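Q: missing the sequence, but the structure's below:
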């Protein structure tokens, strides 16, 4: 796994992602963040429809995160890498 101070790769995917976010073209970053929020909104709405609006969706999600921390971290790392790629390819 990547370490935060990994000299070979220049830091973790999370650290590199934020380096890119803070230094890339602001319009590209805004587009990427807006796209991410659009996906989150869609996932939340789909989940609410599947589970029923009477369920505490946030509590279900928090429980899932707590019970699946390794899977969540791995997916988060993949999303950091994907986000970097999206911004860098549009920044060229």
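A: Sure thing, it's come through. Please read these numbers as outputs of a predicted model, since none were measured by experiment.
Q: switch to C-alpha atoms for all contacts and neighbour counts from now on
A: Fine.
Q: I'd like the distance between the most centrally placed residue in the chain and residue 57.
A: Nearest to the mean C-alpha position of the chain, by CA atoms, centre = their mean, lies residue 79 at 4.7 Å. Distance, residue 79 to residue 57, by CA to CA, to the nearest Å: 22 Å.
Q: next one: residue 14
A: 26 Å.
Q: next one: residue 39
A: Residue 39 is 16 Å from residue 57, by CA to CA.
Q: still on that earlier bit, mind giving me the packing neighbours of the helix or strand where the residue nearest to the centre of the chain lies?
A: Assessed by DSSP states H and E, residue 79 sits inside helix 69-91. Counting contacts by 3 or more CA pairs under 8 Å, 6 or more residues apart in numbering; DSSP states H and E, helix 69-91 packs against helix 13-23, helix 26-51.
Q: list the buried ones in that helix?
A: Residues of helix 69-91 classed as buried: 77, 79-81, 83-84, 87-88 (neighbour count, 16 or more other CA atoms under 10 Å).
Q: again, but for stretch 32-49
A: Neighbour counts over stretch 32-49 (16+ other CA under 10 Å) mark 32, 48 as buried.
Q: show me where the protein dips below the pLDDT cut-off.
A: 1-9 (pLDDT under 70).
Q: let me know the outermost residue of it.
A: No residue in the chain sits farther from the centre than residue 54, which is 27.0 Å out by CA atoms, centre = their mean.
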